[in-house]
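>>> what's the 3D shape of this:
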Amino acid sequence: MDELSRIVFWVWRIGESEKSLVEISKNVEKAREVLELLQKYSLVDVKKKGRIFLVSLSDKGFGVYKKIREIREIVGLEPASQPRIQPERGVAEPQAEGLEPGGLPSFLVGNPWLGVLAKRGRERLGL
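Next up is the predicted model:
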């Protein structure tokens, strides 16, 4: 695989999220090789959180990601926007048992642990 193909693959794989090196590849050598390739062209930003390296696309890398997404839409691999199918009038939408109208199961409504878990996620990402 040539260098451009590898760059496109890895930029698409990282996408809009933040990935750890293990999420990029479980093979340490491969993950470092990918990181070096993307850093060579200033496509990624790397942050160290404890013993974990977090990789996200830089502004330049995100620009490349947006162009890849545009190409996928043109080719037809990814629709520009998913049209939402509206149910016919008079037909009730099926609802899973135990779900509140808001979409959360009853045991999650008002559960204080959701706030704790959301806070932990934000702390991990440094938000």
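>>> use CA for all of it now, contacts and neighbours both
Noted.
>>> Got phi/psi on residue 27?
Dihedral angles of residue 27 (phi, psi; degrees, to the nearest 10) stand at phi -80, psi 110.
>>> Over to residue 111?
Dihedral angles (degrees, to the nearest 10) for residue 111: phi -70, psi 120.
>>> how close does it sit to residue 120?
When distance is defined by Cα to Cα, to the nearest Å, residue 111 is 15 Å away from residue 120.
>>> Would you mark the buried spots in stretch 62-71?
Residues of stretch 62-71 classed as buried: 62, 64, 65, 68, 69 (neighbour count, 16 or more other Cα atoms under 10 Å).
>>> Now do that stretch: everything it contacts.
Contacts to stretch 62-71, defined as Cα atoms under 8 Å, 6 or more residues apart in numbering, come from residues 8, 11, 12, 15, 16, 43, 78.
>>> Three-state assignment for the third one, please.
Residue 12 falls in the helix class when you classify it by DSSP: H, G, I helix; E, B strand; the rest coil.
>>> burial measure for it, as a count.
Residue 12 is flanked by 18 other residues according to other Cα atoms under 10 Å.
>>> I'd guessed residue 47 sits against residue 57; true?
No: Residue 47 lies out of contact with residue 57 (Cα atoms under 8 Å); the separation is 11.3 Å.
>>> Looking at these two now, which is surrounded by more residues?
Legend: neighbour count by other Cα under 10 Å for residue 47 and residue 57, higher for residue 57 (25 against 14).
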